[in-house]
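1. return a 3D structure for these sequence lines:
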Amino acid sequence: MDRKELLCLYEAKLRDIHFYIDQHNKRVAFFIGLIVAIATGIAIGTVQARGIVAQLLLLLLPLLLTVVARAAQMGTRRLYRNYLITITMMAKLEHDLGLDRPRTGSTWAEREPYVFSDHLNSRSNSTSSAFVEANLRQGYRAVLDQLFNLTRQVGWVVLCLLILRLFCDILVWCKNWIFCLLTHCL
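-> Next comes the predicted model:
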């Protein structure tokens with residue numbers, strides 16, 4: 001490829017980077033909003049659910065919470081992975097365009113390349129696949145994965161607690177029904 005084609009491809013990949021990170025951030029915001037809404041529904045339902053039918057319906061919310069948390073984890077991870085893959089393409093294009101080499105005649109004392117040195121260091125001595133996989137497991141992405149995993153686990157715990165509450169209410173209902181039967185029959 002000649003320099004002009006490389007620059008066109010570089011511009012396209014730069015737009016892709018902005019697209020992926022923008023879509024990732026929008027998806028994170030959407031899923032966190034949805035998770036908060038479901039958690040609010042669980043809290044309100046737990047306080048206000050009266051009767052066995054209402055409690056049975058309430059059991060659906062923790063299940064929905066775990067499903068949404070899993071979808072959030074997978075959906076945001078896929079976009080972030082595409083973002084990282086595009087970064088590796090950009091690194092290769094920056095090298096081919098000479099943007100990662102020291103400049104001459106610079107007013108900067110260090111004669112830094114155009115690409116920020118931290119970015120160069122983060123991707124040196126690494127393959128594209130290793131860079132993507134390593135960055136999926138650290139920093140911001142790791143925090144999101146932990147948040148969504150914790151949300152799923154909380155969903156399962158809440159489901160178990162609600163089942164226990166329902167079981168206790170059924171036992172109380174059965175006890176009252178039997179007591180009523182015995183008092184009316186005697």
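2. how about the residue nearest the centre of the chain, nearest residue that isn't a chain neighbour?
-> Residue closest to the average C-alpha location in the chain (Cα atoms, centre = their mean): residue 73, at 3.8 Å. Using Cβ to Cβ, 6 or more residues apart in numbering and skipping residues adjacent in sequence, the residue nearest residue 73 is residue 148, 3.9 Å away. Bear in mind the C-beta positions are built from the backbone N, C-alpha and C, glycine included.
3. residue 166: neighbouring residues, count only.
-> Residue 166 is flanked by 17 other residues according to other Cβ atoms under 10 Å.
4. again, but for residue 39
-> When neighbours are counted by other Cβ under 10 Å, residue 39 comes out with 17.
5. backbone dihedrals for it, please?
-> Per-residue torsions, residue 39: phi -60, psi -40 (degrees, to the nearest 10).
6. you'd agree it is up against residue 62?
-> No: with contact defined as Cβ atoms under 8 Å, residue 39 does not count as touching residue 62 (9.4 Å).
7. can you pull the buried residues of the helix or strand harbouring the residue nearest to the centre of the chain?
-> Element membership of residue 73, judged by DSSP states H and E, is helix 60-97. Of all the residues in helix 60-97, those buried under the rule 16 or more other Cβ atoms under 10 Å are 61-62, 64-66, 68-69, 72-73, 75-77, 79-94, 97.
8. ok, now which ones touch residue 72?
-> 27-28, 31-32, 34-35, 148, 151 (Cβ atoms under 8 Å, 6 or more residues apart in numbering).
9. lowest-pLDDT helix or strand in the protein?
-> Every helix and strand in the chain was compared by mean pLDDT, DSSP states H and E; the lowest is helix 117-123, with a mean of 60.
10. quick one, the next helix or strand after it and helix 60-97 angle?
-> Per DSSP H and E, the first helix or strand lying C-terminal to helix 117-123 is helix 128-136. Angle of helix 128-136 versus helix 60-97, following axes from the mean of the first three to the mean of the last three Cα atoms, to 10 degrees, is 140 degrees.
11. moving C-terminal from helix 128-136, which element do we reach first?
-> Next along the chain after helix 128-136, with elements defined by DSSP H and E, is helix 139-185.
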